[in-house]
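Asks: Coordinates only, no sequence provided:
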């Protein structure tokens with residue numbers, strides 16, 4: 001039975017805009033005076049660079065969607081976050097040690113920080129001056145920083161976080177996109193400046209602290225986690241609560257940590273038990289799993305969305321409970337480990353590269369699980385959505401801030417990728433995907449770059465298809481198929497993904 005147009009349209013109208021998950025790299029680097037790629041290291045500079053007088057680092061990287069996000073003039077290598085949190089008072093106390101390198105001579109530089117009270121700042125062991133704005137923390141070190149200088153900033157701060165760091169019944173949970181990091185630590189808050197992290201979290205008796213990466217130690221009430229691979233700031237997470245922390249390895253030896261709120265019992269277990277299988281399935285199509293660890297955080301919190309926090313996605317307990325196909329949410333967030341985490345967007349307008357791929361991964365899994373083919377999933381949305389619906393009016397290549405996480409970015413993003421697959425064939429399509437991942441490892445990319453790669457690999461002119469699906473604001477014609485409808489179970493899974501599972 002085919003899905004009628006009006007019920008699916010009503011689903012999208014009811015779900016509205018999804019709550020969260022820039023500049024081209026060359027533009028950003030020119031603005032910051034930084035190296036030509038985010039992973040490069042500034043050199044000692046030419047004589048002209050060395051003679052250049054120190055300047056104030058930019059308060060933002062120039063992303064027109066979020067002009068104050070990120071900062072110019074330096075690149076962060078590592079954050080060491082020593083945190084203490086008391087759920088009874090919702091008070092966070094922190095010391096952030098930030099190791100960075102100057103991309104140009106700096107007399108001052110900015111960090112993103114919202115709310116919270118700064119007690120002290122030092123740069124290379126000497127007290128520094130600072131001033132606050134609503135989003136910017138401007139730091140003036142005792143001595144100007146020469147180009148290429150490695151420097152360490154230590155910020156001591158405290159307060160009640162305003163957002164991102166969310167109080168729960170028994171602790172706290174960090175999740176938010178595109179902004180969350182600046183609400184709980186001082187940060188260069190943009191995906192183009194990735195860094196490694198150490199989390200040292202002290203919690204009250206009986207509670208567990210979980211973060212990204214691998215568990216390095218647990219002594220008394222202090223938990224230390226190491227994220228040893230570069231990570232965009234919005235993907236950093238800490239969860240504090242009464243968790244059942246489960247440590248194990250997949251069949252292929254991948255280290256896994258699942259933190260499951262004890263109050264939900266085994267409700268999520270059947271879906272979580274498929275993580276290793278899902279990782280292997282996606283690795284066969286996208287390339288090797290990109291990080292040294294995996295796992296999940298399942299909290300009994302009305303978050304309303306899941307998030308692809310690196311190595312350890314966050315899931316509200318409400319996503320689980322025996323629905324058919326409920327592992328699809330795990331497929332989505334695990335796929336983001338490649339698309340969004342390993343390869344990040346160069347600017348937020350390119351978000352379809354994250355959400356389109358993560359949604360298309362669901363369709364690939366549907367084929368594997370026998371729910372529906374990718375073509376049947378495409379037809380479900382194409383036939384079910386009338387041409388008059390606003391679903392077709394979002395410009396996917398530049399959706400704007402208000403529509404950044406609109407359902408169209410997800411479902412039409414997957415539809416665009418399916419059309420590309422139909423155009424170039426399976427062999428070239430998956431070659432494009434794997435080359436995109438390998439060429440942008442621990443880095444970032446844009447739609448323009450993806451377009452060029454697709455044409456290089458396939459030898460096809462993809463511009464007309466990309467313009468039709470990414471630029472234009474109406475329903476593409478002639479894109480349906482003669483594929484039959486999915487099974488009754490397949491329809492239930494598709495309807496579930498379109499109604500109740502809103503994720504980022």
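Replies: Structure's in. What do you need? The structure presented is a predicted model; accordingly, all values stated were derived computationally and were not measured.
Asks: any low-confidence regions in the stretch 1-150 of the chain?
Replies: 1-51 (pLDDT under 70).
Asks: how close does residue 283 sit to residue 273?
Replies: 18 Å (Cβ to Cβ, to the nearest Å). Using the backbone N, CA and C atoms, a C-beta is placed for each residue, glycine as well.
Asks: out of the two, which sits in the more crowded spot?
Replies: Using other Cβ atoms under 10 Å, the more surrounded residue of residue 283 and residue 273 is residue 283, with 17 against 11.
Asks: Which residues are in contact with that one?
Replies: residue 289 (Cβ atoms under 8 Å, 6 or more residues apart in numbering).
Asks: Any idea which helix or strand in this structure has the lowest mean pLDDT?
Replies: Within the chain, no helix or strand scores below helix 25-32, which has a mean of 32 by mean pLDDT, DSSP states H and E.
Asks: what about the chain, any weak spots by pLDDT?
Replies: Short version for the chain, where the test is pLDDT under 70: 1-51, 480-482, 499-504.
Asks: I'd like to know how far residue 282 sits from residue 394.
Replies: 27 Å.
Asks: Same check on residue 189?
Replies: From residue 189 to residue 394 the distance is 25 Å (Cβ to Cβ).
Asks: wait, residue 186 sits on residue 138?
Replies: No - using Cβ atoms under 8 Å, residue 186 is not in contact with residue 138, being 11.1 Å away.
Asks: the more surrounded of these two?
Replies: A direct count of neighbours by other Cβ under 10 Å for residue 186 and residue 138 places residue 186 higher, at 26 against 17.
Asks: and residue 344, what is it in contact with?
Replies: 191-192, 194, 232, 354, 443-445.
Asks: Strands along the stretch 51-200 of the chain, start to end?
Replies: Using DSSP state E, counting those that start in this stretch, the strands of the stretch 51-200 of the chain run over residues 55-56, 74-86, 91-102, 106-112, 117-123, 126-127, 129-132, 136-140, 150-159, 165-167, 172-174, 195-202.
Asks: Pull out the buried residues from stretch 240-247.
Replies: 240-243, 245 (16 or more other Cβ atoms under 10 Å).
Asks: Now do the helices in the stretch 351-500 of the chain.
Replies: 352-369, 374-384, 407-424, 426-439, 447-458, 463-466, 488-499 (DSSP state H, counting those that start in this stretch).
Asks: Now do residue 467 against residue 281, distance only.
Replies: From residue 467 to residue 281 the distance is 32 Å (Cβ to Cβ).
Asks: which one of those two has more residues nearby?
Replies: Neighbour count, other Cβ under 10 Å: between residue 467 and residue 281, residue 281 has more, with 19 against 12.
Asks: what kind of secondary structure is that one in?
Replies: Here residue 281 is recorded as helix under DSSP: H, G, I helix; E, B strand; the rest coil.
Asks: cool, the one 10 residues further on as well?
Replies: Following three-state DSSP, we place residue 291 in the coil state.
Asks: before we move on, the earlier item: how about the strands of the stretch 51-200 of the chain, which one is nearest residue 214?
Replies: The closest of the strands of the stretch 51-200 of the chain to residue 214 is strand 195-202. By Cβ to Cβ, the value is 10.9 Å.
Asks: same for that closest one, what does it pack against?
Replies: strand 74-86, strand 208-211, strand 222-231, strand 238-241 (3 or more Cβ pairs under 8 Å, 6 or more residues apart in numbering; DSSP states H and E).
Asks: Please name whichever of the ones you listed is nearest to residue 172.
Replies: strand 238-241 (4.8 Å).
Asks: The closest one pairs with which strands, parallel or anti?
Replies: strand 172-174 (antiparallel), strand 208-211 (antiparallel) (DSSP bridges).
Asks: what residues does the helix or strand just after it touch?
Replies: Later in the chain than strand 238-241, the nearest helix or strand by DSSP states H and E is strand 243-249. Contacts of strand 243-249 with the rest of the structure, by Cβ under 8 Å, 6+ apart, involve 208, 210, 215, 255-262, 297, 299.
Asks: Quickly run through the sheet partners of whatever helix or strand comes next after strand 243-249, with directions.
Replies: Beyond strand 243-249 on the C-terminal side, the first helix or strand identified by DSSP H and E is strand 255-261. Within its sheet, strand 255-261 is paired with strand 243-249 (antiparallel), strand 293-299 (parallel), according to DSSP bridges.
Asks: what angle do strand 255-261 and strand 222-231 make?
Replies: 120 degrees (axes from the mean of the first three to the mean of the last three Cα atoms, to 10 degrees).
Asks: how far does strand 255-261 sit from the chain's center?
Replies: 19 Å (Cα atoms, centre = their mean, to the nearest Å).
Asks: List the buried residues of that strand.
Replies: Within strand 255-261, judged by 16+ other Cβ under 10 Å, the buried ones are 255-261.
Asks: so which pair among these is furthest apart in space?
Replies: 255 and 261 (21.5 Å).
Asks: returning to what we had before: looking at the strands paired with strand 238-241, which is closest to residue 472?
Replies: Per Cβ to Cβ, nearest to residue 472 of the strands paired with strand 238-241: strand 172-174, 37.9 Å.
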